[in-house]
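quick one, fold the following:
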Amino acid sequence: MPKLKIDEVEIEVAPGTSILQAAEEIGIEIPRFCYHDRLSVPANCRMCLVEVTPGPPKPQASCALACAEGMEVKTNSDMIKKARKGVMEMLLINHPLDCPICDQGGECDLQDQAMAYGFDRSRYHENKRAVPNKEIGPLIKTIMTRCIQCTRCVRFGEEIAGMTELGLLHRGEDVEIDTLIEKSITTELSGNMIDICPVGALTSKPYAFKARSWELTKTETVDVHDAVGSNIRVDSRGGEVLRVLPRLHEEINEEWIHDKTRFAYDGLGRSRLDRPWVRDEDTKKLREASWEEAFTVIASKLKEAKPENVAALAGDLCDLESMVALKDLMNGFGVEDLECRIDGAQFDASERCGYLFNSGIAGIEDADAILLVGTNPRWEAALVNARIRKKWRRDGIPVAVIGEQVDLTYPYEYLGNDTKALEDLIKKYAKKVKAKKPMVIVGMGAFQNNNGFAIHEMLYKACKDMGWVSDEWNGFNVLHNAASRVGALDIGFYSQDGFDLSKKSFVYLLGADDFSMSQVAKKAFVVYQGHHGDAGAHRADILPGAAYTEKNALYVNTEGRVQNGRRAVHPPGEAREDWKILRALSGYCAKPLSYDTQHDLRMRIVDEWEFLGDLDVLPKAEWKAFGEKGKITKTVFKNPIENFYMTNSISRASVTMQKCTESFFNQASFAEAAE
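Next up is the predicted model:
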């Protein structure tokens, strides 16, 4: 543990700690452009210069110099001030005077540091160098004359995203960032390059010229486009969401988000349901209605229906409160046929350990072998896939796949996709790797077949027999792809034995779009409560709900971690929060729910499911037997997501996601990843 002094402050640090990192530990800020905590160290911007004794009588790059015993470091001496001013003057030689029209204005590292270390004039009188802009897809806007060649974007692509399409070309004054061949950047994490770019060379194309950062209201919430529960910040102005940015959460998404989370927000304002609609019984056509009329019609139909002829489905984007309210309403009528697994997944939900990501997303970094079964984490949970790649790059752990062959951005051993030989494959893999902390990640692709319950039981038996689960380590993980799924399973919003929708006369769809409506009987009375006029709304009476940015709500991610989403904007028109709609409907049904405020509703949740009251805590579920014994017939696993950019009603309404589909799925490289 070397001891040193930084600006006369003594500090003891771990071996290998850089001077820049040590300075941050004691609150001393050293400017930098190329250095980033999660990327390799190139030491090419030279902005982080410090004076070190004993050592050479010249400034040294603090990001690349490890601390040593007895060092004395000066971060603000006259020599360092002069050196930093010289570096800044050189960086600004070719940088255009774009600040008034640059989308990075107000959030620009170069702007901030030029104020602190720049001259008020330039000694450079030659013409500025101009660099052509690059066309790298529908998401990132490039103004490459602004680029200072920090290479953050290149290193992010190679190290985090597993994409080598960007590189540093040419030498000397001609050096520039470019794609190696002319095509779009195909990684689903590309938007993070915008965040880490310290200048305005890479900016958001959909957000271009929309607003300045100081005009925006910033709301911290959680993402619902997958089951990871990434922490995000929603920036809005008036009633419009203008951008979505990542928020730091080391145990879930670190500081990254995927492109669907970041760019699908324009779908929030398109194809919205903003008023109630009822279907005329004679013409079968929808017409506008008041809330009172809609509630009266729906309540009368619900009271007429027999409990065994009623079913309720919860969609992938539903919040915990609305599902509890719908469950309470249906149970009040004696209805037991509830379901959240609208994708057809079949597995035993009686034990919590059987459907959680037990190791935790951050636990991937502790694993020493990973087996993926029936999943493509790159599209189902891009941040989970990024963790696996991070672990593979750092420790070179073995990864194996049972299921479809896809490009996961890291090498893996392909074991096949034969369900009949699944148990043998797992046992052979376990004997081969001999891991102390192995991890098996099971996706919905393993359960979307008639063997689901038997596969679930076989996985339990395999993990138990091979010692993959112990008091210190639970290596069994289920990777969901729906934000609502774990919360719905926790509250019992499912039917263990299943039911036939074609035999139901009343079907209530709570944001349920992602299933075939042909399963519902043509004569059935269908209610759709949601925020987009997607598949579920086409043949239903409609109650307009609020999207995830328009309500305060709880969500439970694939780990079982409860997180609080906050409202950024108000719902459009007459749309209301979902639990409020259900509370009002219960009054018209003469079976009013027992809560009138969200606080009361959350207290009702905690009273029955105490563990759901612990916010942002990784749960530890007791290991118990799950699944059902049965014969596993030969079935080919198929990954549940065919188009990463269109997986729910919001992304399907997004123009940006439509452009991504058109752009990326026409490229051979991305098409190969989808096969």
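
low-confidence bits of the protein, can you list those?
Confidence mapping of the chain against pLDDT under 70 gives the ranges 182, 666-675.

contacting residues around the residue positioned nearest the centre of it?
Geometric centre of the chain, nearest residue: residue 230, 4.4 Å, by CA atoms, centre = their mean. The contact partners of residue 230, by CB atoms under 8 Å, 6 or more residues apart in numbering, come to 222-223, 246, 249, 252-253, 257-258, 261, 383. Every C-beta, even on glycine, is put in place using the N, C-alpha and C of the backbone.

in JSON lines, list those along with neighbour count, secondary structure and distance to residue 90.
As requested, the contacts of residue 230 are arranged in JSON lines below (neighbours: other CB atoms under 10 Å; DSSP: H, G, I helix; E, B strand; the rest coil; distance: CB to CB, whole Å):
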{"residue": "222", "neighbour count": "26", "secondary structure": "strand", "distance to residue 90": "43"}
{"residue": "223", "neighbour count": "30", "secondary structure": "coil", "distance to residue 90": "40"}
{"residue": "246", "neighbour count": "22", "secondary structure": "strand", "distance to residue 90": "32"}
{"residue": "249", "neighbour count": "20", "secondary structure": "strand", "distance to residue 90": "37"}
{"residue": "252", "neighbour count": "26", "secondary structure": "coil", "distance to residue 90": "40"}
{"residue": "253", "neighbour count": "26", "secondary structure": "coil", "distance to residue 90": "36"}
{"residue": "257", "neighbour count": "27", "secondary structure": "coil", "distance to residue 90": "34"}
{"residue": "258", "neighbour count": "30", "secondary structure": "coil", "distance to residue 90": "36"}
{"residue": "261", "neighbour count": "26", "secondary structure": "helix", "distance to residue 90": "37"}
{"residue": "383", "neighbour count": "24", "secondary structure": "helix", "distance to residue 90": "37"}
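
closest one of these to residue 397?
The closest of the contacts of residue 230 to residue 397 turns out to be residue 383 (CB to CB; 18.0 Å).

any idea where the strands of the stretch 501-650 of the chain begin and end?
For the stretch 501-650 of the chain, strands defined by DSSP state E, counting those that start in this stretch occupy the ranges 506-510, 525-530, 541-544, 553-556, 562-565.

cool, the stretch 201-350 of the chain as well?
With DSSP E, counting those that start in this stretch as the definition, the stretch 201-350 of the chain shows strands at residue ranges 202-204, 217-222, 231-237, 240-246, 277-279, 286-288, 310-314, 338-339.

now render those as a markdown table, adding distance to residue 635.
Output for the strands of the stretch 201-350 of the chain, formatted as a markdown table (distance: least, CB to CB, whole Å):
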| stretch | distance to residue 635 |
| --- | --- |
| strand 202-204 | 42 |
| strand 217-222 | 34 |
| strand 231-237 | 37 |
| strand 240-246 | 38 |
| strand 277-279 | 39 |
| strand 286-288 | 40 |
| strand 310-314 | 25 |
| strand 338-339 | 22 |
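
count the neighbours of residue 58 for me.
Neighbour count for residue 58, taken as other CB atoms under 10 Å: 10.

from now on call the first residue 765
All set: I'll call the first residue 765, so the last point we hit is now residue 822.

A helix includes it, no?
No: if the criterion is DSSP: H, G, I helix; E, B strand; the rest coil, then residue 822 is coil and not within a helix.

how far away is it from residue 939?
Applying CB to CB, to the nearest Å, one obtains 24 Å for the distance of residue 822 from residue 939.

how close does residue 887 sit to residue 919?
32 Å.

look at the two and report which has more neighbours.
Of the pair residue 887 and residue 919, residue 919 is the one with more neighbours under other CB under 10 Å, namely 19 against 7.

so that one touches residue 802, yeah?
No: Residue 919 sits out of contact with residue 802 when judged by CB atoms under 8 Å, with a separation of 9.4 Å.

contacts only, for residue 805.
Applying CB under 8 Å, 6+ apart, we find residue 805 in contact with 782, 799, 827-828.

correction: residue 1145
990-992, 1243, 1245, 1322.

for residue 1131, same thing?
With contacts taken as CB under 8 Å, 6+ apart, residue 1131 has the following neighbours: 1123, 1155, 1161, 1199, 1201-1203, 1239.

mind checking which of the residues you listed are in strands?
Among those, the members falling in strands are 1202-1203 (criterion: DSSP state E).

could you find the closest non-adjacent residue to residue 1327?
Distances taken as CB to CB, 6 or more residues apart in numbering place residue 986 nearest to residue 1327, at 4.7 Å, with adjacent residues excluded.
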